[in-house]
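Student: sequence below, structure please.
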Amino acid sequence: MERYIEKFIRYLEIEKNYSQHTILNYRLDLEDFRNFLGETALESVDYLALRKYLARLKEKNLTNRTVNRHLSSLRSFFRFLTREGLIKTNPILILSSPKQEKHLPSFLTEEEVTKLIDAVIPKDERGFRDRAILETFYSTGIRISELAGLTRENIDFIGGVIKVMGKGRKERMVPIGDKALLALRDYLGKRKKDADAIFLNKSAKAITTRGIRNVVSKYIRLAGIKQGVSPHTLRHSFATHLLNRGADLRSVQELLGHANLSSTQIYTHLTTDRLKSVYDKAHPRA
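Tutor: Below you'll find the model as predicted:
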């Protein structure tokens with residue numbers, strides 16, 4: 001099975017142009033399946049074997065979301081093998097996935113976002129950097145990995161847009177607000193090291209996603225914001241606030257870099273209060 005996995009991984013790298021993070025997840029899922037099969041040949045895998053594997057995943061007390069990720073990797077793998085003629089039939093076609101739990105993303109109010117950003121009092125280079133990180137994060141709604149990967153050439157200060165390298169190495173243009181641009185100018189003006197990367201750590205190297213998480217978490221604590229808030233909450237807040245102020249779902253989808261509208265639709269559940277307010281004002285018998 002090892003050679004089949006390597007063929008599939010090369011396909012993901014060369015033809016699908018997936019990120020190394022995504023490819024690593026595929027590899028780990030497939031190696032877990034290979035360990036489950038043991039000496040069983042891949043050509044002998046049938047529906048019953050897959051059901052047994054599914055049962056083993058559930059025995060590990062994994063969430064349905066994680067189980068579905070494993071199955072999604074297998075579906076892509078078997079689809080590739082069938083298309084390439086490496087196996088005759090696709091045994092996973094009739095295997096159903098566990099029902100996905102729906103978790104509504106947490107978000108901050110506009111007042112809480114202001115409180116979070118104002119918790120940064122820039123006095124030195126690091127303070128100006130942290131302010132720029134929070135302003136840019138909330139202004140654009142980009143992913144943490146996209147924020148960490150920003151370079152000077154990605155930012156158009158005149159046009160007010162940034163170029164982002166998203167999932168699957170797909171580029172997209174995202175607007176950025178004046179306050180975030182001002183914070184970026186202030187930070188770059190204070191920065192001692194000349195480097196291509198925008199955000200640098202204390203070693204004057206490009207900041208990591210973990211570094212950004214630490215920055216956001218630090219000011220969430222300093223601002224005294226409610227428990228259960230993660231750095232990713234800023235991205236959720238960005239989307240929710242846009243929808244609350246009348247942005248259409250398709251535009252928010254493009255700004256977030258979601259491949260499917262279904263990924264963006266979860267935010268519509270968060271705007272019920274706004275819809276009720278509009279209804280109360282507009283409907284003659286509300």
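Student: could I get the full set of helices for the stretch 51-200 of the chain?
Tutor: For the stretch 51-200 of the chain, the helices defined by DSSP state H, counting those that start in this stretch cover 64-83, 110-118, 125-140, 144-148, 178-190.
Student: just the buried residues of the third one, please?
Tutor: Pointing back at helix 125-140 there. 125-126, 128-140 (16 or more other CB atoms under 10 Å). Any C-beta I mention is one placed from the backbone N, CA and C, and that applies to glycine too.
Student: pull the CA atoms of that helix into CSV?
Tutor: Extracted as CSV, the C-alpha positions of helix 125-140 are listed here (Å, rounded to 0.1, in the frame of the first residue of the first chain):
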residue,chain,number,x,y,z
GLU,A,125,8.6,48.0,18.1
ARG,A,126,6.8,44.9,19.6
GLY,A,127,3.9,47.0,20.7
PHE,A,128,3.5,48.6,17.3
ARG,A,129,3.7,45.1,15.7
ASP,A,130,1.0,43.7,18.0
ARG,A,131,-1.3,46.6,17.2
ALA,A,132,-0.7,46.0,13.5
ILE,A,133,-1.4,42.3,13.9
LEU,A,134,-4.7,42.8,15.6
GLU,A,135,-5.8,45.6,13.2
THR,A,136,-4.9,43.6,10.1
PHE,A,137,-6.4,40.4,11.4
TYR,A,138,-9.8,42.0,12.1
SER,A,139,-9.7,44.4,9.1
THR,A,140,-9.2,41.6,6.6
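Student: counting by contacts, list what it packs against.
Tutor: With contacts defined as 3 or more CB pairs under 8 Å, 6 or more residues apart in numbering; DSSP states H and E, helix 125-140 has these neighbours: helix 110-118, helix 144-148, helix 178-190, helix 209-222, helix 233-244.
Student: over to the first one?
Tutor: Using 3+ CB pairs under 8 Å, 6+ apart as the contact criterion, the secondary-structure elements in contact with helix 64-83 are helix 2-14, helix 20-37, helix 47-59.
Student: what's the angle between that helix and helix 20-37?
Tutor: Taking axes from the mean of the first three to the mean of the last three CA atoms, to 10 degrees, helix 64-83 and helix 20-37 form an angle of 80 degrees between their directions.
Student: and residue 255, how close does it get to residue 140?
Tutor: 8 Å (CB to CB, to the nearest Å).
Student: what touches both of those two?
Tutor: Common neighbours of residue 255 and residue 140, counting by CB atoms under 8 Å, 6 or more residues apart in numbering, are 174-175, 238.
Student: mind giving me the ChimeraX select for these, buried ones only?
Tutor: Selecting the buried subset of the shared contacts of residue 255 and residue 140 in ChimeraX, with 16+ other CB under 10 Å as the burial test, is done by:
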select :174,238
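Student: can you list the shared contacts of residue 255 and residue 140 in a markdown table and add distance to residue 210 and pLDDT?
Tutor: Below are these laid out as a markdown table (distance: CB to CB, whole Å; pLDDT from 0 to 100):
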| residue | distance to residue 210 | pLDDT |
| --- | --- | --- |
| 174 | 23 | 91 |
| 175 | 27 | 92 |
| 238 | 21 | 90 |
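Student: circling back to that earlier point, and which of the buried residues of helix 125-140 is nearest residue 164?
Tutor: Nearest to residue 164 among the buried residues of helix 125-140, counting by CB to CB, is residue 140 at 7.7 Å.
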